[in-house]
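Visitor: model the structure of this input:
(2 chains)
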Amino acid sequence: MASQRDVKNRISSVKNIQKITRAMEMVAAARLRRAEQRIARLRPYADAIRRMTFQAAAAAGAEASAFPLLREHEEVKHVGLLLVTGDRGLAGAFNSQIIRAGVRAGAELSEQGMAPSWYATGRRGVSSLTFRGRELSGSYTGFSDRPGYADARTIADDLMSGYVDGKLDRVEVIYNQYVSPLTQHVTREVLLPLSEPVLSGEDSAEQDSGQRALVEYEPDPQEILKRLVPDYVEISIYRALIESTAGFFGAQMTAMRNASENAGTLIEQYTLQMNRARQAEITQEIMEVVAGAEGLG
Amino acid sequence: MARTTFPVEVLTPEGQVFSEEIEMLSTRTAVGSIGVLAHHEPVLAMLEPSELRLYRSESDVVRFAQAEGYLQFSENRALVLVEEAIAPQALDRGAYQTRLAEARASAERAAEDSEEKARALRDIKRYEAFLAVEP
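Guide: Residues are numbered from 1 along each chain as shown, chains lettered A, B, ... in the order given. The predicted structure is shown next:
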């Protein structure tokens, strides 16, 4: 049985850990609030850009395919997978669920005869993929706490030029969508080409019912798309980064709260154990004294 | 005489900056100036950096220095999506002068037809438009 002093040491180290996890929980909570605000502000804009892109693409119709970013490649061979993770861990399953989803997606693509090209943001994603022997076509790190628009632009530029140059035939992004501090949704989205129902106009039933022809475009849809599609890709990646940041702090806060609670339970158990050890020692001593007294008697 | 009003919403990546009923909206598209009154026909326009004016009434005008973006008008609602919308009094002119100078310098440096050049030229246009907005 562990001696009193062993247990005492263990209690104090658990207490220290608890202090750290508590502090991390508070920091994550404060940052979560800020990240939550950012994502709440960005969502309406991103959604509107998305709707607008689809509307303009539907209006441009067949002519849209003259524009390299909108042209669907005849054979889909190379698929760019962008995994959005955090720079740091200690956030429960936050990073590993993205990596797992990414690796699964990669395996599915390979089964279908397509080759995945890996792109990752966040140190966790980059190092896990490298460790698993995946060669990264692009890695972006150092901003997962507070991603800027310029970061999204860099990533978008790489992916778009890959698509235009024919190195990629499809671009997908996998990220944690922020739902609440307790839940993040692993989301997989196709960024390029614009998804089919959109281009064929299924998405815009009300436009097909006569509205479409009436909308005036300034300049014409093709010209608008030249700027709108890159904006759409950038804003979608920016949104994925911000969703992921909010999700990260939520996950970290929850993970750290669990760790603190766990530490509390451990401390209780160890305290019990220590009391028992002390009691046993006292009992032992009394028995020795009694035995000694009897021996003398 | 007061004109009919219509709702307008101005959104940027940093959030909503304006959402009210107004009489008229005016800004600049890639092909020229545009003014929108209630019951305008549906339009989707690409906006250039300029001054966005929102007329609550003839005399009460809300103005913004506005970056590139898009204007959508349908079902008698206007939606303005811009990368930046700054109230004229909040515009830090000194900072934009410096940025304009930097953008001009990098436009000089950058190679012809490069992405960097295009971006610098775009920035120059934006900062010039911002500085042209009267305080």
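Visitor: how many neighbours does the residue in chain A positioned nearest to chain B have?
Guide: Relative to chain B, the nearest point of chain A is A:Arg41 (3.3 Å; C-beta to the nearest C-beta). From N, CA and C alone the C-beta is placed, and that goes for glycine too. Here the number of neighbours of A:Arg41 (other C-beta atoms under 10 Å in any protein chain shown) works out to 16.
Visitor: give me the pLDDT for A:Glu234.
Guide: In this model, A:Glu234 is scored at 93, pLDDT.
Visitor: try B:Ala107
Guide: 86.
Visitor: wait, isn't it in contact with B:Arg122?
Guide: No. Counting by C-beta atoms under 8 Å, B:Ala107 does not reach B:Arg122; the two are 9.8 Å apart.
Visitor: and the residue of chain A closest to chain B, what element?
Guide: Element membership for A:Arg41 (DSSP states H and E) is helix A:4-60.
Visitor: quick one on the thing from earlier: look up how far B:Glu108 lies from the nearest residue to the residue of chain A closest to chain B once chain neighbours are set aside.
Guide: Spatial nearest neighbour of A:Arg41, excluding adjacent residues (C-beta to C-beta, 6 or more residues apart in numbering or on different chains): B:Gly15 at 3.3 Å. Distance of B:Gly15 to B:Glu108, computed by C-beta to C-beta, to the nearest Å: 35 Å.
Visitor: neighbour count for the two, which is higher?
Guide: Neighbour totals were compared for B:Gly15 and B:Glu108, and B:Gly15 leads with 14 against 9 (other C-beta under 10 Å).
Visitor: need phi/psi at the more buried one.
Guide: Backbone torsions of B:Gly15, given as degrees, to the nearest 10, read phi 120, psi -180.
Visitor: likewise A:Asp165?
Guide: According to degrees, to the nearest 10, A:Asp165 has phi -80, psi -10.
Visitor: next one: it from A:Asp158, what distance?
Guide: 11 Å.
Visitor: between these two, who's got more neighbours?
Guide: Between A:Asp165 and A:Asp158, counted using other C-beta under 10 Å, A:Asp158 has the larger neighbour count: 17 against 9.
Visitor: so that one touches A:Gly138, yeah?
Guide: Yes. Counting by C-beta under 8 Å, A:Asp158 sits close enough to A:Gly138 to count as a contact (5.1 Å).
Visitor: which neighbours do these two share?
Guide: A:Tyr119 (C-beta atoms under 8 Å, 6 or more residues apart in numbering or on different chains).
Visitor: how about the secondary structure of B:Val10?
Guide: strand (DSSP: H, G, I helix; E, B strand; the rest coil).
Visitor: that one bridge partners, please.
Guide: B:Phe18, B:Val80 (DSSP bridges).
Visitor: was I right about it contacting B:Ala85?
Guide: Yes. Under the contact definition of C-beta under 8 Å, B:Val10 touches B:Ala85, with a separation of 5.7 Å.
Visitor: please name the nearest non-neighbouring residue to the residue nearest to the spatial centre of chain B.
Guide: For chain B, the residue nearest the mean C-alpha position is B:Gln66 (2.7 Å; C-alpha atoms, centre = their mean). In space, and not counting its chain neighbours, B:Gln66 is closest to B:Leu52: 4.0 Å by C-beta to C-beta, 6+ apart.
Visitor: quick one: contacts for the one you found?
Guide: B:Val10, B:Leu25, B:Ser26, B:Thr27, B:Arg63, B:Phe64, B:Ala65, B:Gln66, B:Val80, B:Val82, B:Ala85.
Visitor: adding pLDDT, write those out as a markdown table.
Guide: Formatted as a markdown table, the contacts of B:Leu52 follow (pLDDT from 0 to 100):
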| residue | pLDDT |
| --- | --- |
| B:Val10 | 95 |
| B:Leu25 | 94 |
| B:Ser26 | 93 |
| B:Thr27 | 94 |
| B:Arg63 | 93 |
| B:Phe64 | 93 |
| B:Ala65 | 93 |
| B:Gln66 | 92 |
| B:Val80 | 95 |
| B:Val82 | 93 |
| B:Ala85 | 91 |
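Visitor: packing partners for the helix or strand in which A:Val229 is found?
Guide: Assessed by DSSP H and E, A:Val229 sits inside helix A:221-296. Under the contact criterion of 3 or more C-beta pairs under 8 Å, 6 or more residues apart in numbering or on different chains; DSSP states H and E, helix A:221-296 touches helix A:4-60, strand A:78-84, helix A:94-111, helix A:149-164, strand A:170-180, strand A:183-192, strand B:43-47.
Visitor: okay, those, which one's buried deepest?
Guide: strand A:78-84 (a mean of 25; mean count of other C-beta atoms under 10 Å in any protein chain shown).
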